[in-house]
Every structure is written in C-alpha cells, then in structure tokens.
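J.: how would this look folded up:
(2 chains)
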Protein chains: 2
Amino acid sequence: MMSLGACSRLTINRSALRENYRFLKSKVGAGCDVASVVKADGYGLGIDMVVPAFEEAGCTFFYVAQLEEAMILRSLTPHKIAVLGGLPAGCEKEFKHLNLIPVLNTPDEVARCPDDIKSIWHIDTGMNRLGLDPENVPELLKSRPAPLSLMTHFSSSDEPDQTPSRKQVELFDSVAPKSIPHSLCNSAGIFRDASWHRQQVRAGLALYGPNPTPETINPMRPVVDLSARILQTKTAKAGSTVGYNRTHTFERDTQIAVLGIGYADGFHRAGSNKSVLYWNGVACPLVGRVSMDLVAVDLSPVAANPPHEGDWMEIIGPHQDADQLAASWNTIGYEVLTSLGGRAERVIIS
Amino acid sequence: MMSLGACSRLTINRSALRENYRFLKSKVGAGCDVASVVKADGYGLGIDMVVPAFEEAGCTFFYVAQLEEAMILRSLTPHKIAVLGGLPAGCEKEFKHLNLIPVLNTPDEVARCPDDIKSIWHIDTGMNRLGLDPENVPELLKSRPAPLSLMTHFSSSDEPDQTPSRKQVELFDSVAPKSIPHSLCNSAGIFRDASWHRQQVRAGLALYGPNPTPETINPMRPVVDLSARILQTKTAKAGSTVGYNRTHTFERDTQIAVLGIGYADGFHRAGSNKSVLYWNGVACPLVGRVSMDLVAVDLSPVAANPPHEGDWMEIIGPHQDADQLAASWNTIGYEVLTSLGGRAERVIIS
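T.: Next comes the predicted model:
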C-alpha cells in the first residue's frame, strides 16, 4: 500500500528474485545445489520477503551469518539453515532444537560440536578471516565424524584475474577429500570456472541484482528501485550556499529540489556533492551535504521540464543501479543494499 | 538480557540520556523550553527507549522528521509532536486525528493547512533546505492565523566562527514578529549565544552524547557503548593477505582477531584499513576490508596480553567515542549513531 506521507520508497521485484535464482541454477546444472545467502535481513531487502521468493524458485538451503538470524529464519522455512558465524560456546542447545547447521571455523568449535549436530567445516584458504587452517584439516577429519560438507570462501572472485581464486581452490583440494561434498563459490565464483561448482554454490549478491562480475555487462535482473519524494522546490540565489557547513555555493540563481531521504535512511553522507538523482532519465547532481533526513539536488539539467513538489525522483532504478550509486559513495553495491531503507515505504511487486 | 550468540552489542545508558536533557535545560533557563529531536528512531538508539527517558527528565515536546515516525511516537507519548518534513498533501486527516503539529515549509503548505491544525512555520535563513523564503513571511503572516511558533535552522553552528549563524539570526529577526514564539537553536546553537535561546530550543545530537561544539571538550555524557565479539583468533602468516581483494599484506607472522560486526551492522566499509578497535584500552588496527558481517584486527599492540575467542572488543566506549570512530570513516558522529546496530544485541542500563 502506498502512503501519501512516505518520504522514500523501496520497490522490490519479487519475480526478479525468482528469476535470478533460476538463472544461477541454470549456470551450475543439475548436480549442484544453489544455496541462497540471506544474511543481513536478506541483504537489506527483508528476509521474510526474499526467503519465500527463493523457495518458490526451488531453493532448499539457506545461509545466514548469525544465530539470531537463524532463529528468525527458522520461523520462515522448514529447509536447511547454516550459520556462517560458527557455533558460539553455550549455544549448542539452540542449534539442536532449531535443527541449524553450524559452520565450524575453529579447532575449538570442531572439538566442541556435539556428534548429534550436523556441521559444515570452513577451510580458510586465503581470506584470513573465518575458517580452519588447511594444515589442521586432515588431522581434524580423522578425529571427528565427517561433516556434511567442506567449504571455503574466495577473497577476489569479483576481479578479472582469477589467479588468487585458483590458488585457493588448489589449496582447498590439497586437504579436502572428494568423499565429502564441497562448496566453494560465492556469486562471482559461479561465473568463473565450472569446475569450481562442485556439489553446492552459495549465491548472495547476484540474487539481489548487483553485478557479480563487474568487468562484464550485468547478467542479473535488477530487483530494487529506490525513490524519494520532493518535499520542496525553491530558487537558491546566486552566491548563496546549501546545507550544513556551506559546502556548495551557487554561481547563479538555481532551481533546487529538497527530497525526503538522508543518511538515516542509509543514503551515505559520502555522497555529499557527488551522487546524482534522476528525473525523467536525466541526472541531477546532489548539492551540499547529505543531511540526516534530506538531500538537495540541482534541477538545472531538467530546467525545461522540471519536477514539482510531491514528485518522486529516482535514486536506484532504470538509470542508476546500486553499483553506480555505490561508486558515488566510494563503496560497493553490497553496502548500498544493506544500508538502505530503514524508513522507506516498501512496495513489493510480485 | 545478554545472549550467548550475539555478535555485537549496543549498550545504552538511559540515565545519561536524562542527564544530558537536564544539562541542556540548565543551559537555557526557565523561560525556554527544550524540545527533544527523536527522528531517525531516536538517532538510532530506539525511539521507544529514548522518549520515556526524556519524559522522565521533563521533556514535553518532541520533533520527528516524517509522518510515519510521528504515528509511532504518538503511541508512546501524549506530549506535543511536531513533524519537520511538513504537511504532505492528502495527510491532513492523520495530523488532525493524532494531534500532530506540522512544520510548514512551503507557501503551498501554509495555504493548505486547515485552520484547526496548529502549525509551526519554518523560515529558511540560509540552509537552502526546507523552509519559507524570508521575503514571503510578512505577507503570509497577514493571510493566515498565527502559527504556534516560528523556527529556523542553523547551517554552521558546529563551527567555531559563528558569523554565518549570526547572519541567519539577523535575517530571521527581520521578518519574525516577537509576538510569536521563536525556536532557533539546534544542539550546537544552544552553546553559542544565550540570546538565541528564545522560547524553545531543539536538542538532537547532544542528547545522545556526541560533542555539539567540536572545538571544545565534550560537555555531554556518553550514552552509547558498542562492542563486538571475537569469533576467531589466528596467526596470519608473513606475506599473506586478509579480506576481500587482498588490501592488507602482513609483513610478519601476525596474531589477528576476526569479530562479528560488519557494514550490514552499520560499521561502514569506509573504515577498511583505517578504524581501530580497543582491547584493555589499547588500540588495535583494523586490517583489510570491512566485510558485510566481519572485521579483522591486528592484535600486535596487545601481544603481551591478547584477547581470546569469545572476548568482546570495544568499538565505541571509554577509549573511542562516536566522533572518533566517525573520523576514521571520514564522517560525523551523527551518521555513526544512525547507522549502527541493526543486528546488535541491545542492553539498556537504567
């Protein structure tokens, strides 16, 4: 339901979520499972909305980062749920009762995990983030019941040069027996080498629309539109400034629009004097600092056919995707998605 | 209740909220009301927690940015609620039924506002953001019933040089009759000139702990502590890299900790290779990129007495305030507060 009072609006295309899942499934073929990563509230889109969409497309395996996320997810699906953040000491009961799969990252977790909790083991092949030292894996495998699967995570699969990923796969294969299922690929990895698909891939970013392989045209369907309402238009006089600490000065009398979105909505302050918003497909530059609840844009590029108070301008949509907006904030599409929309009205298109 | 599985924890000191309100009240004296700005979910701390705390300290007037925020706030308080974002066309009924005060920013809003809805008029004296052109104010005041108050908003009250603020006050006073109450000051403005206090100040940032006057020692009490749990410690080998896209290389074998907080928790990716986390009061540098759910820190500075898996490190607390963390993200304490804590466990200290 659209609200007359909303200041920003996040439109989520549910069928694009389904199509993106099916497209990734078609890339990996019948022998390989596509698990959906739905951590961070479904990459910011709403876990309660994305999970049923992926289920409709055939997904039966989900990954989250934290136990609390898994507790919420268990109320949404009967399917497999794995928790990337490991098995916190003292939480074995929760994993058991909710039938959750811990991803074990440390020797201590491997030792502590009760035999009746099925686990995934994470081998750190180069991220230096979570995961077991490859050197320890053969010994650990002898000491404990075999895990459901062995996984690793690529550090650089979004780069054109796949030398680092290839080294990671070699190291993984040197310690991971073929008798246990493997899971190597994140979204970008899926597109890099079919021999890396193995028994399961873990799709995250690409499901939500951003480009998993930035050097090529984006093969994914966009999922998210974001727009903001114009609360006021006005003429800023020549020589006047706009916003906090007067960071932009108008050279001539300039028509501007003030819109109801700011950094409290996840529109990063890093976009001050850098981002653009679109009106009828024409880019209008953001002027001055991004405030907590407001931004101002220069309407000069659309002077012939300007928007009016109450109109909505495009922030993410046909003319600017999350990756492009991210570039104006000096970051990546992932961070745009997960930061957006706390106060935005949400409109779901099926 | 503390959860064993939580990966990050936001501790909010309710008595500090009360003390900060009372301190600001003591600055302005008996003839001036201190309204609390609680937009953006109470600057990210939780509107349902901060509003009762300010009420206990004597607050009877609240400001939010948007109608939706006011609807939530009306369920929390019987006191006055003003909506900075104006009176959206078609929403007059909501304002009437919930007894909300629109802050009117445009001539159209002034013309549209029904006589039985009491309003505040916002005069734009230099922000070039929301508000009426001062030139139009005398005419509008003749055409309509007098508003409850007249307000303006400072662009630069956090700077040592108050020339811009002084000009704004002069312009405001040239069109605002003394017969109507005035509201000029945000948090910083309260500390700049007692003659600007008038009948009401609007306290935001300072209530929540960050420094309203950055060139002096912070007069406010800190409200927020943020910490993250160490999910894993490990030795990163000399020559190896850490995190996505290998942005940090270890010169020697280095003990690191991987913690359960990332940009999906509002820990901006801009802090990659820049921010520091504290252990026992010693700063440990963040190494590599901030991931969605994880950061890694170099434990070399605390090699003599290092933390272990399961320990919590300080992100905001006695050794690093929100403003300092903000500096490492190239932003301000406001954005830190409003971005933090979506997944963090919240602990309230009364």
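J.: for the rest of this, base every contact and every neighbour count on C-alpha atoms.
T.: Noted.
J.: so where's the stretch 1-150 of chain A shaky on pLDDT?
T.: Across the stretch 1-150 of chain A, the ranges flagged by pLDDT under 70 are A:1.
J.: near chain B, which residues of it?
T.: Counting by CA under 8 Å from any CA of the partner chain, the residues of the stretch 1-150 of chain A close to chain B are A:4-7, A:40, A:43, A:65-68, A:85-86, A:88-91, A:105-106, A:126-130.
J.: apply 10 Å and report the result again.
T.: Residues of the stretch 1-150 of chain A lying near chain B by CA under 10 Å from any CA of the partner chain: A:3-7, A:39-41, A:43-44, A:64-69, A:84-92, A:94, A:105-109, A:126-133.
J.: now, of the residues you listed, which are buried?
T.: A:5-7, A:39-41, A:43-44, A:64-69, A:84-88, A:92, A:94, A:105-107, A:109, A:126-133 (16 or more other CA atoms under 10 Å in any protein chain shown).
J.: among those residues, which ones are in helices?
T.: A:Lys39, A:Ala40, A:Asp41, A:Tyr43, A:Leu67, A:Glu68, A:Glu69, A:Glu92, A:Glu94, A:Pro107, A:Glu109 (DSSP state H).
J.: wait, the last one touches A:Ala89, no?
T.: Yes - with contact defined as CA atoms under 10 Å, A:Glu109 and A:Ala89 form a contacting pair (8.1 Å).
J.: quick one, longest strand in chain A?
T.: What stands out as the longest strand in chain A, according to DSSP state E, is strand A:224-236.
J.: list the helices and strands whichever helix or strand comes after it packs on?
T.: Note on strand A:224-236: by DSSP states H and E, the next helix or strand toward the C-terminus is strand A:241-242. Applying 3 or more CA pairs under 10 Å, 6 or more residues apart in numbering or on different chains; DSSP states H and E, one finds that strand A:241-242 contacts strand A:248-249, strand A:295-298.
J.: near chain B at all, the longest one?
T.: Yes - Strand A:295-298 reaches chain B (CA under 10 Å from any CA) through A:Val295, A:Ala296.
J.: what sits up against that strand?
T.: The contact list for strand A:295-298, computed with CA atoms under 10 Å, 6 or more residues apart in numbering or on different chains, reads A:228, A:230, A:232-233, A:235-236, A:242-243, A:250, A:254-263, A:267, A:269, A:271-273, A:275-278, A:283-290, B:128-130.
J.: for the record, mean pLDDT for it?
T.: Mean per-residue pLDDT for strand A:295-298: 98.
J.: the helix or strand that it is followed by versus strand A:224-236: what angle between them?
T.: Going down the chain from strand A:295-298, the next helix or strand is strand A:312-316, by DSSP H and E. Relative orientation of strand A:312-316 versus strand A:224-236 (axes from the mean of the first three to the mean of the last three CA atoms, to 10 degrees): 130 degrees.
J.: same for strand A:312-316, what does it pack against?
T.: strand A:8-13, strand A:224-236, strand A:254-259, strand A:276-279, strand A:282-285, helix A:322-328.
J.: let me see the mean pLDDT of that strand.
T.: Mean pLDDT, strand A:312-316: 98.
J.: starting at the chain centroid, how far to that strand?
T.: Distance of strand A:312-316 from its chain centroid, counting by CA atoms, centre = their mean, to the nearest Å, is 20 Å.
J.: can you check stretch A:16-33 too?
T.: 17 Å.
J.: for it, which positions count as buried?
T.: Using 16+ other CA under 10 Å as the test for burial, stretch A:16-33 gives A:16-25, A:28, A:32-33.
J.: how about the residues you listed in CSV, adding secondary structure?
T.: Listed next are the buried residues of stretch A:16-33 as CSV, based on DSSP: H, G, I helix; E, B strand; the rest coil:
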residue, secondary structure
A:Ala16, helix
A:Leu17, helix
A:Arg18, helix
A:Glu19, helix
A:Asn20, helix
A:Tyr21, helix
A:Arg22, helix
A:Phe23, helix
A:Leu24, helix
A:Lys25, helix
A:Val28, helix
A:Cys32, coil
A:Asp33, strand
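J.: is the longest strand of chain A up against chain B anywhere?
T.: Yes - against chain B, strand A:224-236 shows contacts by CA under 10 Å from any CA at A:Leu231, A:Gln232, A:Thr233, A:Lys234, A:Thr235, A:Ala236.
J.: filter the residues you listed down to the buried ones.
T.: For the residues of strand A:224-236 next to chain B, a burial check counting by 16+ other CA under 10 Å picks out A:Leu231, A:Gln232, A:Thr233, A:Lys234, A:Ala236.
J.: pretty sure the last one contacts B:Leu130?
T.: If I follow you right, that is A:Ala236. No - A:Ala236 is beyond contact range of B:Leu130, at 11.5 Å (criterion: CA under 10 Å).
J.: can you list residues touching both of those two?
T.: Listed as contacting both A:Ala236 and B:Leu130 by CA under 10 Å, 6+ apart are A:Ala257.
J.: how far off centre is stretch A:3-21?
T.: Its chain's average C-alpha position is 15 Å from that of stretch A:3-21, according to CA atoms, centre = their mean.
J.: quote the end-to-end distance of that stretch.
T.: 31 Å (CA to CA, to the nearest Å).
J.: circling back: out of the helices and strands packed on strand A:241-242, which is the most enclosed?
T.: strand A:295-298 (a mean of 27; mean count of other CA atoms under 10 Å in any protein chain shown).
J.: C-alpha coordinates for that one, PDB please?
T.: Only the C-alpha atoms of strand A:295-298 are listed here, as PDB (Å, rounded to 0.1, in the frame of the first residue of the first chain):
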ATOM      1  CA  VAL A 295      19.200  15.900   0.300                       C
ATOM      2  CA  ALA A 296      19.100  18.800  -2.100                       C
ATOM      3  CA  VAL A 297      19.600  18.400  -5.900                       C
ATOM      4  CA  ASP A 298      20.300  21.000  -8.600                       C
END
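J.: how about the residues of strand A:224-236 next to chain B in CSV, adding pLDDT?
T.: Shown next, in CSV, are those (pLDDT from 0 to 100):
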residue, pLDDT
A:Leu231, 97
A:Gln232, 98
A:Thr233, 98
A:Lys234, 97
A:Thr235, 97
A:Ala236, 97
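J.: A:Asp48: which of the helices and strands packed on strand A:312-316 is closest?
T.: Checking the helices and strands packed on strand A:312-316 against A:Asp48 by CA to CA gives strand A:8-13 as the closest, at 12.6 Å.
J.: of all the residues in the closest one, which ones are buried?
T.: A:Ser8, A:Arg9, A:Leu10, A:Thr11, A:Ile12, A:Asn13.
J.: next up, the contacts around the fifth one.
T.: A:Ile12 sits next to A:45-46, A:49-50, A:208, A:222-226, A:346-350 when contact means CA under 10 Å, 6+ apart.
J.: what is the lowest-pLDDT residue among those residues?
T.: A:Ser350 (89).
J.: residues contacting it?
T.: Contacts of A:Ser350 (CA under 10 Å, 6+ apart): A:Ile12, A:Asn13, A:Arg14, A:Ser15, A:Ala16, A:Leu17, A:Arg18, A:Ala53.
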